Every structure is written in C-alpha cells, then in structure tokens.
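Undergrad: Got a predicted structure here, sequence first:
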Amino acid sequence: MNKIVWNKKTLKEVQGFPDIVKKEVGYLLFKLQKGESLAMPHSKPMPSVGKGCHELRVKGEDGAYRVFYFLKVEDQILVFHAFQKKTQKTPLKDIEQGQKNLKDML
C-alpha cells in the first residue's frame, strides 16, 4: 500500500473541511493508496500545477473542495495543497501555492 505524505499546512486545511468532505477525501485517498486509478468526476489531471499532479474533486453542501496530489514518487502519494473552490476556474494563487508546496516537498 502506498504511503500518504502530507504537507503540514495542507493537512490542517483538510482537517478544517466539513465532516462529509473529509470522509470523501479520506475514501478517495484510500483508493489511491490501494493503487486504484481515479478519473472524473473524482480526480482530474492538473498539468497547470505540474506534470504528474492531480486534484481530488469533492462537493460539499457549501461548495466545491479541491485537494492536489502527486503520484510520481515511488510508493508515496504527496498531498500538497487543499482549498475550497469559490469560482469556476482554479484561482492562479492556488495553482502557484500548489507549485510552491510541491517543490518544497520534493
């Protein structure tokens, strides 16, 4: 089973999500740990963040939530950015923060 490695700020952000969203994020990460591939509507590649980056897509009662993850490290899933999405398009500040967090983790 793959190990999940969290960016500390990202973990705190996800812990602040509504319970239903946290459960769905946990379930999707568990599927990734077992080696399953996720596709739309649960996961989408994010080449704008970096090659090998993806986002988990979870809907809550109060809107959409996103969690960026990276699979190109052997036996690990790097979870490096999370936020509540308030616009149709992913904000540039979240793409840039994701890029910085991933660079720091690698």
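TA: Nice, I can see it. Numbers count the residues shown, from 1 in each chain.
Undergrad: And the helix-or-strand element of the chain with minimal mean pLDDT, what's buried?
TA: The helix or strand with the lowest mean pLDDT-type score in the chain, counting by mean pLDDT, DSSP states H and E, is strand 63-73 (a mean of 94). Taking 16 or more other C-beta atoms under 10 Å as the basis for neighbour counts, the residues of strand 63-73 that come out buried are 65-70. In this view, the C-beta of every residue, glycine as well, is placed from N, C-alpha and C.
Undergrad: Now do the following helix or strand past that strand: which elements does it pack against?
TA: On the C-terminal side of strand 63-73, the nearest following helix or strand under DSSP states H and E is strand 76-85. When contacts are defined as 3 or more C-beta pairs under 8 Å, 6 or more residues apart in numbering; DSSP states H and E, strand 76-85 packs onto strand 3-6, helix 8-15, helix 19-33, strand 63-73, helix 92-105.
Undergrad: neighbouring contacts of strand 76-85?
TA: In this structure, residues lying in contact with strand 76-85 by C-beta atoms under 8 Å, 6 or more residues apart in numbering are 2-7, 10-11, 13-14, 17, 29, 32-33, 49, 62-71, 94, 97-98, 101-102, 105-106.
Undergrad: pLDDT (mean, whole number) over that strand?
TA: Per-residue pLDDT values across strand 76-85 average out to 97.
Undergrad: relative to helix 19-33, how tilted is it?
TA: In this structure, strand 76-85 runs at an angle of 150 degrees to helix 19-33, with axes from the mean of the first three to the mean of the last three C-alpha atoms, to 10 degrees as the basis.
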